[in-house]
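# could you work out the structure for the sequence below:
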Amino acid sequence: MESVGSDYFSSRFTAACLGAGTASFADFLAAAIPVTMRSTSLDNTLRIRCLRPTRWLLLDTRISGLAAGFFHGEMYIFAEDGALLATASQSGVLPRSA
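So this is what the prediction gives:
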């Protein structure tokens, strides 16, 4: 099962603040679909490719696996010019009601 969601955040991001902001956005990976909301994270990995000023970010989020009470997902973070800024991945335990 794969679910894909995209969001964008509009603001003026400078390269200086983008690193911390990218880490914060990557932590929202589990909020991609309702079944993974309020899950407990087991791990969270962020790989920054490059930082550059941008007015908005596109967060391409994919939940690639849901099984036996666990999930795994990936996020690709793009600048407005299409440059890949970072990738993230997260695994977690689904809430008991899931």
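# least confident secondary structure element in the protein?
Lowest on mean pLDDT, DSSP states H and E among the helices and strands of the chain sits strand 3-13, with a mean of 49.
# what about the helices in the chain?
15-26 (DSSP state H).
# hang on, isn't Ser85 packed against Trp56?
Actually, residue 85 is Leu rather than Ser. No - here Leu85 lies out of contact with Trp56, judged by CB atoms under 8 Å, at a distance of 11.6 Å. Where C-beta positions appear, they are placed from N, C-alpha and C, glycine not excepted.
# which one of the two has more residues nearby?
Leu85 (22 against 13; other CB atoms under 10 Å).
# for Ser24, see how far away that one is.
Noted for Leu85: a distance of 13 Å to Ser24, by CB to CB, to the nearest Å.
# same check, this time on Glu80
18 Å.
# more neighbours: the two, which one.
Glu80 (15 against 10).
# and that one, how far from Asp27?
For Glu80, the distance to Asp27 - CB to CB - is 22 Å.
# so how far is whichever strand in the chain runs longest from its chain's centroid?
Assignment by DSSP state E gives strand 54-67 as the longest strand of the chain. Centre-to-centre, strand 54-67 and its host chain are 5 Å apart (CA atoms, centre = their mean, to the nearest Å).
# same question for stretch 61-79.
Centre-to-centre, stretch 61-79 and its host chain are 8 Å apart (CA atoms, centre = their mean).
# low-confidence regions, this protein specifically.
Residues of the chain meeting the criterion pLDDT under 70: 1-20, 97-98.
# wait, Thr45 touches Ala88, no?
Yes - the criterion here is CB under 8 Å, and Thr45 meets it with Ala88 at 6.4 Å.
# these two - which one has more neighbours?
The neighbour comparison of Thr45 against Ala88 (other CB under 10 Å) goes to Ala88, with 23 against 11.
# and that one, what are its bridge partners?
Beta-bridge partners recorded for Ala88 (DSSP bridges): Leu46, Met75.
# what separates it from Leu57, distance-wise?
For Ala88, the distance to Leu57 - CB to CB - is 12 Å.
# many thanks, we can stop here.
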